[in-house]
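K.L.:
structure, please.
(4 chains)
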2 protein chains.
Amino acid sequence: MSQTVDRALSILPLLAEGPADLGRVAERLGVHKSTALRLLRTLHEHGFVYRQSDQRYRLGARLISLAQEAMENLDVREIAHPHLVRLNEQVGHTVHLAVHEEDEVLYIDKVESRYPVRMYSRIGKPVAITVAAVAKLLLADLPENERRAVAEQLDYPMYTARSTPNADGFLKELAKVREQGWATDLGGHEESINCVAAPIRGADGRVVAAMSVSAPNVVVTAEELLTLLPLVRRTADAISGEYSGRTPVKEVTA
Amino acid sequence: MSQTVDRALSILPLLAEGPADLGRVAERLGVHKSTALRLLRTLHEHGFVYRQSDQRYRLGARLISLAQEAMENLDVREIAHPHLVRLNEQVGHTVHLAVHEEDEVLYIDKVESRYPVRMYSRIGKPVAITVAAVAKLLLADLPENERRAVAEQLDYPMYTARSTPNADGFLKELAKVREQGWATDLGGHEESINCVAAPIRGADGRVVAAMSVSAPNVVVTAEELLTLLPLVRRTADAISGEYSGRTPVKEVTA
DNA sequence: GAGTGTGTTGCAACACTTGCAACGACCGTT
DNA sequence: AACGGTCGTTGCAAGTGTTGCAACACACTC
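P.N.:
Okay, here's the model as predicted:
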């Protein structure tokens, strides 16, 4: 809607690929160098980009601290955290918390496994939306038409032989997940990693977040992991209860 | 430099304080509602803001995932991480990694304490720049005039009785830190928490990052924590060595 | 010292942004 | 049920802010 802002914002994902110099930015944006320079300067003033010693631009610290604040404002996260920690103490494996927003599902909290073999993931990282157990739960809760629309515009990368292959398969899986109220990912993202996940619901019953326990095959088999399902569901329900008990937004308006 | 972009970017920190509706944003920006609307729409298209069910705006997921990418591009972090984990395994306490950028010092990595009593901090959070041990190391490495300039424009909040009170005291402390090559924070931020920190240097000898070990009084006394100094320094030196050995930027240019 | 490759600046033209006023939707009140 | 209020939204005309250009400054190479 606003050309100037649109261009400026387009610079950020571009820089996320790695540092770039002025010429490169101008070229990728399709604008004159002087224009790119002025946009970069404005971004710089706000700390969104940083100019390293070789004069090239990269993403700035302000972005990181803002994202930090953004996460701290998510109240599900705050409520869920102690429960995640407790679950982790009981089962030892990696515990994740994820939310859905626009067309992404991303981890907003994580408690690391106590086993030496760990799964790679990071808070803030968008998850593999077509295969992750938490993603299935979050998308399964959308109304029929939206679910369909989302499923059709997704890509279906075959991470492994057990990855969801296409929109059709995905919609079937979502229907099943919706039905049963929990989800799994058995080697659909990484061959040797399995997950069990359960939904966290708000007062109106809609799924606001999802949590999962993940563990590699070498530590526990898929069957053993599945025995944890009741515990995972109980934890999710406890969070749901606490979350829907309170006012969902804490107002600070003076 | 660019008014439109400047206004748009100013919306983000504003929303970081908490969700806001259109009128509020327009008011805070000092522009007409229609203008604010168009800016918000552009931010929304890029996923930087999200419109929640009550129509109010808050920071969006894109911001979080971008920040994530920004951090993954920091090569010090990648190199340092395994060393931090190893140190944590040896000493058990919380280990931090921080960098300096513009006028902020922020944590870019953290390995949690194994003790139940933990220090509060988060990756991405700007540190208390006038008292944190890592901040002292990073600022102490600046050339004299810059150090002076930075010190003078800072605020000196008295977190505790042992906080750095003013620019003068801070500059003295920086000089000492620069001299000895390591730093401490003994209850300057939180009464009961102490830190020991050591610098990580690039090939040219300049400090590119700093790492610290933090522990509360109730777990170990300040004296006991100080006995870890040689180990912390050795770890930092190991990281320095590895960091300056490689090419500092990994190019992906096709 | 000419020759490339950067990043940077002043300027004039015009495209884009801006504020306005008016509309529609919604909510609580009378 | 009609009213007044608040809030988000849209089309438009005025003009300001943005744009690309051309020229400059600087660093490096040949």
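K.L.:
CA only for contacts and neighbour counts going forward, please
P.N.:
Fine.
K.L.:
please list all residues in contact with the residue of the stretch 101-250 of chain A found nearest DNA strand C.
P.N.:
Relative to DNA strand C, the nearest point of the stretch 101-250 of chain A is A:Asp204 (16.3 Å; CA to the nearest atom of the strand). Residues near A:Asp204 by CA atoms under 8 Å, 6 or more residues apart in numbering or on different chains: none.
K.L.:
go on, the one 5 residues further on?
P.N.:
With contact set as CA under 8 Å, 6+ apart, A:Ala209 has these partners: A:Val76, A:Leu97, A:Ala98, A:Val99, A:His100, A:Leu138, A:Pro199, A:Ile200, A:Arg201.
K.L.:
sort out for me which of the residues you listed are in strands.
P.N.:
Secondary structure assignment by DSSP state E places A:Leu97, A:Ala98, A:Val99, A:His100, A:Pro199, A:Ile200, A:Arg201 of the contacts of A:Ala209 in strands.
K.L.:
which of these are buried? Put it as a ChimeraX command.
P.N.:
Per 16 or more other CA atoms under 10 Å in any protein chain shown, the buried members of the ones in strands among the contacts of A:Ala209 correspond to this ChimeraX selection:
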select /A:97,98,99,100,199,200,201
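K.L.:
in CSV: the ones in strands among the contacts of A:Ala209, plus distance to A:Pro13 and pLDDT.
P.N.:
Converted to CSV, the ones in strands among the contacts of A:Ala209 look like this (distance: CA to CA, whole Å; pLDDT from 0 to 100):
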residue, distance to A:Pro13, pLDDT
A:Leu97, 25, 96
A:Ala98, 22, 96
A:Val99, 21, 94
A:His100, 20, 93
A:Pro199, 31, 98
A:Ile200, 31, 97
A:Arg201, 32, 95
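K.L.:
B:Glu179: which of the contacts of A:Ala209 is nearest?
P.N.:
Ranked by distance to B:Glu179 (CA to CA), these are led by A:Leu97 at 45.1 Å.
K.L.:
specify the beta-bridge partners of that closest one.
P.N.:
Assessed by DSSP bridges, A:Leu97 has beta-bridge partners A:Asp109, A:Met211.
K.L.:
quick one: residues contacting it.
P.N.:
Taking CA under 8 Å, 6+ apart as the test, what A:Leu97 contacts is A:Arg77, A:Tyr107, A:Ile108, A:Asp109, A:Lys110, A:Ala209, A:Ala210, A:Met211, A:Ser212.
K.L.:
want to throw those into JSON lines with distance to DNA strand C?
P.N.:
As requested, the contacts of A:Leu97 are exported to JSON lines (distance: CA to the nearest atom of the strand, whole Å):
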{"residue": "A:Arg77", "distance to DNA strand C": "28"}
{"residue": "A:Tyr107", "distance to DNA strand C": "32"}
{"residue": "A:Ile108", "distance to DNA strand C": "31"}
{"residue": "A:Asp109", "distance to DNA strand C": "33"}
{"residue": "A:Lys110", "distance to DNA strand C": "37"}
{"residue": "A:Ala209", "distance to DNA strand C": "25"}
{"residue": "A:Ala210", "distance to DNA strand C": "29"}
{"residue": "A:Met211", "distance to DNA strand C": "32"}
{"residue": "A:Ser212", "distance to DNA strand C": "35"}
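K.L.:
turn the residues you listed into a markdown table, including distance to B:Asp185 and pLDDT.
P.N.:
Below are the contacts of A:Leu97 laid out as a markdown table (distance: CA to CA, whole Å; pLDDT from 0 to 100):
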| residue | distance to B:Asp185 | pLDDT |
| --- | --- | --- |
| A:Arg77 | 30 | 92 |
| A:Tyr107 | 33 | 94 |
| A:Ile108 | 30 | 93 |
| A:Asp109 | 29 | 91 |
| A:Lys110 | 29 | 91 |
| A:Ala209 | 39 | 96 |
| A:Ala210 | 39 | 97 |
| A:Met211 | 37 | 98 |
| A:Ser212 | 38 | 97 |
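K.L.:
buried subset of those?
P.N.:
Buried among these (16+ other CA under 10 Å): A:Arg77, A:Tyr107, A:Ile108, A:Asp109, A:Lys110, A:Ala209, A:Ala210, A:Met211, A:Ser212.
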